[in-house]
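Peer 1: The following block contains a protein sequence and its predicted model.
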Amino acid sequence: MKKPVLFIWILTVSALLSVGKVYANAPSLEVEGYARETPPGAPMSAVYLSLHNLGEQKRLLAAVELPGNQEAEADLHTTEYREGISRMRPLKQVAIAAGERLQMAPGGVHLMIRGLRLRAGDSLPLRLVFTDGFSLEIQVPVVGRDKTGKDHHHHHG
């Protein structure tokens, strides 16, 4: 079974600002990602995205929203290791350099989802909000965990 993959291409003509105007200079983005199933008894889960900035300008991801869900929260975080202890630290924004890829991963930059039960096989709608006012709505698949608690997904070349 192949890992569910989501590719979204945003063409400069079709990118819309949250105010509804066409944003003619919006750089293209390629987005791939998945959400982890919420572990039993846990109040939160994580989402990992790969954001490839195909444009010529740096992009700053400032927020992630959960459209249509007033109870849950999504926050940007990173994991820091100090004195042998890992701690999550919230981030105000994440930069994606022109032509570069931001790879969110366990132990690094990721999205924390609180207040929402994610089940394997579901799809999670997200709105990515950038500092320039550009926003992008995507859906990522929710993947399960095996009995060891590790992510249960596969990478195929």
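Peer 2: Received the coordinates, thanks. Numbers count the residues shown, from 1 in each chain.

Peer 1: partner residues bridging the residue nearest to residue 32 when sequence neighbours are not counted?
Peer 2: Sequence neighbours aside, residue 50 is the residue nearest to residue 32 in space, at 4.5 Å (criterion: Cβ to Cβ, 6 or more residues apart in numbering). (C-beta placed from N, C-alpha, C; glycine too.) On the basis of DSSP bridges, residue 50 is bridged to residue 32, residue 103.

Peer 1: Residue 109 is in contact with residue 50, correct?
Peer 2: No: using Cβ atoms under 8 Å as the test, residue 50 is too far from residue 109 to be in contact (10.8 Å).

Peer 1: For these two, list the residues in contact with both.
Peer 2: residue 102 (Cβ atoms under 8 Å, 6 or more residues apart in numbering).

Peer 1: quick revisit: residue contacts, the residue nearest to residue 32?
Peer 2: Applying Cβ under 8 Å, 6+ apart, the residues near residue 50 are 30-33, 101-104.

Peer 1: pLDDT wise, what is residue 23 at?
Peer 2: pLDDT recorded at residue 23 is 32.

Peer 1: and what of residue 57?
Peer 2: At residue 57, the predicted lDDT confidence score is 91.

Peer 1: and if you look at residue 151?
Peer 2: 48.

Peer 1: in stretch 44-55, what's buried?
Peer 2: The neighbour-count check on stretch 44-55 (16 or more other Cβ atoms under 10 Å) flags 44-53, 55 as buried.

Peer 1: can you list those residues in JSON lines and add secondary structure and distance to residue 94?
Peer 2: Formatted as JSON lines, the buried residues of stretch 44-55 follow (DSSP: H, G, I helix; E, B strand; the rest coil; distance: Cβ to Cβ, whole Å):
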{"residue": "44", "secondary structure": "strand", "distance to residue 94": "19"}
{"residue": "45", "secondary structure": "strand", "distance to residue 94": "19"}
{"residue": "46", "secondary structure": "strand", "distance to residue 94": "15"}
{"residue": "47", "secondary structure": "strand", "distance to residue 94": "13"}
{"residue": "48", "secondary structure": "strand", "distance to residue 94": "13"}
{"residue": "49", "secondary structure": "strand", "distance to residue 94": "10"}
{"residue": "50", "secondary structure": "strand", "distance to residue 94": "12"}
{"residue": "51", "secondary structure": "strand", "distance to residue 94": "8"}
{"residue": "52", "secondary structure": "strand", "distance to residue 94": "14"}
{"residue": "53", "secondary structure": "strand", "distance to residue 94": "11"}
{"residue": "55", "secondary structure": "coil", "distance to residue 94": "16"}
